[in-house]
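J.: Sequence plus the predicted model coming up.
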Amino acid sequence: MRKILVIDDDEDLSFVISDMLENNGYYVECASDCFEAMGLLKNDEYHLILLDVNLPDATGFELCTKIREVSKMPIIFISARVNEPDKITGLDIGGDDYLTKPFSLKELLSRVNALIRRTYGYEDENVFVFGNVRVNTSTRTVTRCGSEVALSMREFDLLAYLIQNKNKAIPKEKILDDVWGEYAEVENSTLTVHIRWLRTKLEDDPSSPKYIKTIYKVGYMLEVTE
């Protein structure tokens, strides 16, 4: 799911935009000023930013300049400033588009969709992404940070199963039955070892996994909120 950050001090407008984008398949977070936005950007990754120019603690132009020092993520300015010099400034400093208020939600969605497609291409329905990991279930390939990750057949089957049941706590016995086979003579320790291998290959910190979680007294879960 593509993740969008809306930076605007108009909470009502942010709510309306968020609601519209989420109804169209996006995950949205909001910030009301530059300080809050920088905190979110520091701790998370986004596919696109909707950025107001007039913010309480700095201008959107200043924030855009800071973002461009470290990231090429798409930025659409949404602003009540309608003067041509402001539009030119926004585009010259690194903005990808500039939409003046008031605007229709349909036009905003159209511009967001177009910029997402232009930047990331069309999403393959058989491709699943979490963090810096990209899994293609059709080609049975996995990459992390753009580099291919070698998984055994069983490791991939286990990962694909966790993806299929993402955000669900799955008992160990069910995982063993569904991945190894109902009549396979496999111990719980085998599953534990395979989970450890996946974490080692896919997690930034295998000792404190962000995605492949152990659910106490139940089993495991692939936790994905993005």
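T.: Yes, it's here.
J.: Outline the domain layout of the protein.
T.: 3-120, 127-222 (automatic domain parsing).
J.: where exactly do the helices run in the protein?
T.: 11-23, 34-43, 60-68, 84-92, 105-120, 153-164, 172-175, 188-202 (DSSP state H).
J.: Output the contacting helices and strands for the fifth one.
T.: In terms of contact count using 3 or more CB pairs under 8 Å, 6 or more residues apart in numbering; DSSP states H and E, helix 105-120 is assigned the packing partners helix 11-23, strand 48-51, strand 75-79, strand 97-100. (C-beta placed from N, C-alpha, C; glycine too.)
J.: for the ones you listed, which one sits closest to residue 87?
T.: The closest of these to residue 87 is strand 97-100. By CB to CB, the value is 4.7 Å.
J.: List of residues touching the closest one?
T.: 74-82, 86-87, 90-91, 107-108, 111, 115 (CB atoms under 8 Å, 6 or more residues apart in numbering).
J.: So, low pLDDT: which residues of this structure?
T.: Counting by pLDDT under 70, the chain has low-confidence residues at 1, 122-125, 226.
J.: hmm, 50 instead?
T.: Within the chain, no range satisfies pLDDT under 50.
J.: Let me see the residues that make contact with stretch 2-14.
T.: 17-18, 21, 25-34, 37, 40-41, 44-52, 54-56, 60, 63, 78, 112, 116, 120, 226.
J.: and these, which are buried?
T.: Buried by 16 or more other CB atoms under 10 Å: 17-18, 21, 26, 28-34, 37, 41, 46-52, 55, 60, 63, 78, 112, 116, out of the contacts of stretch 2-14.
J.: how long is stretch 179-195 end to end?
T.: 13 Å (CA to CA, to the nearest Å).
J.: With stretch 95-109 instead?
T.: 17 Å.
J.: go on, stretch 52-67?
T.: End to end - CA to CA - stretch 52-67 spans 14 Å.
J.: Now do that stretch: distance to the chain's middle.
T.: 23 Å (CA atoms, centre = their mean, to the nearest Å).
J.: before we move on, what about stretch 135-155?
T.: That offset, for stretch 135-155, works out to 19 Å (CA atoms, centre = their mean).
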